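Student: The amino acid sequence is not available; the structure is as follows:
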């Protein structure tokens, strides 16, 4: 009884074709239909190209990489020109204006002109937004600026 079970188990194993064994005919071939000879050929332009094996690597592109255009010439004037600047220092000449004195932390003396009546107290530390002076006026020694805004630093 044991031998019969083993024979049935061996006979039922490997339900597929054995490697190297010929393939059974397809239903079309059994009915007289065509085999692979009448089947449409892939790549009708000639013989099929061999598929690269996993160990082969595809070739590199035969096209040249694009070339970048030459950069233009740099601008003649700064493209990010800032029309104002900030100064931080101590007021040396104060009052209600229009002229003030300021010495920055690096020791540079500045003469500020502000026509809006801003009151600055002498010996006060301020942060001043300034711009180039557009009128001819002398407000004392130092580099001349127009005072745009003054903020007291506490």
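Tutor: Yep, that arrived. Bear in mind that the values here come from a model prediction, so they are computed numbers and not experimental data.
Student: going forward, measure contacts and count neighbours with C-alpha atoms only.
Tutor: Will do.
Student: Run through the residues that contact residue 149.
Tutor: Contact partners of residue 149, counting by C-alpha atoms under 8 Å, 6 or more residues apart in numbering, are 128-130.
Student: what about the chain, any weak spots by pLDDT?
Tutor: For the chain, the stretches with pLDDT under 70 are 1-59, 75, 77-84.
Student: What ranges does it have for its helices?
Tutor: All helices of the chain, identified by DSSP state H, fall at 2-12, 27-30.
Student: What are the boundaries of the strands in this structure?
Tutor: Residue ranges of the strands in the chain, as given by DSSP state E, are 85-93, 99-104, 109-113, 125-132, 143-152.
Student: show me the contacts for the spatially closest residue to residue 132 that is not a sequence neighbour.
Tutor: Excluding its sequence neighbours, the residue lying closest to residue 132 (C-alpha to C-alpha, 6 or more residues apart in numbering) is residue 145, at 5.3 Å. Residues counted as contacts of residue 145 (C-alpha under 8 Å, 6+ apart) are 110-113, 130-133.
Student: Residue 97: which of those is nearest?
Tutor: The nearest member of the contacts of residue 145 to residue 97, counting by C-alpha to C-alpha, is residue 113 at 7.4 Å.
Student: quick one, what contacts the closest one?
Tutor: 97-100, 133, 139, 144-147.
Student: Farthest pair within those residues?
Tutor: 97 and 133 (15.1 Å).
Student: I'd like to know which of the contacts of residue 149 is nearest to residue 152.
Tutor: residue 128 (8.6 Å).
Student: For the spatially closest residue to the closest one that is not a sequence neighbour, list the residues it contacts.
Tutor: Of all residues not flanking residue 128 in the chain, residue 150 sits nearest, at 4.4 Å (C-alpha to C-alpha, 6+ apart). With contact taken as C-alpha under 8 Å, 6+ apart, residue 150 is in contact with 126-129.
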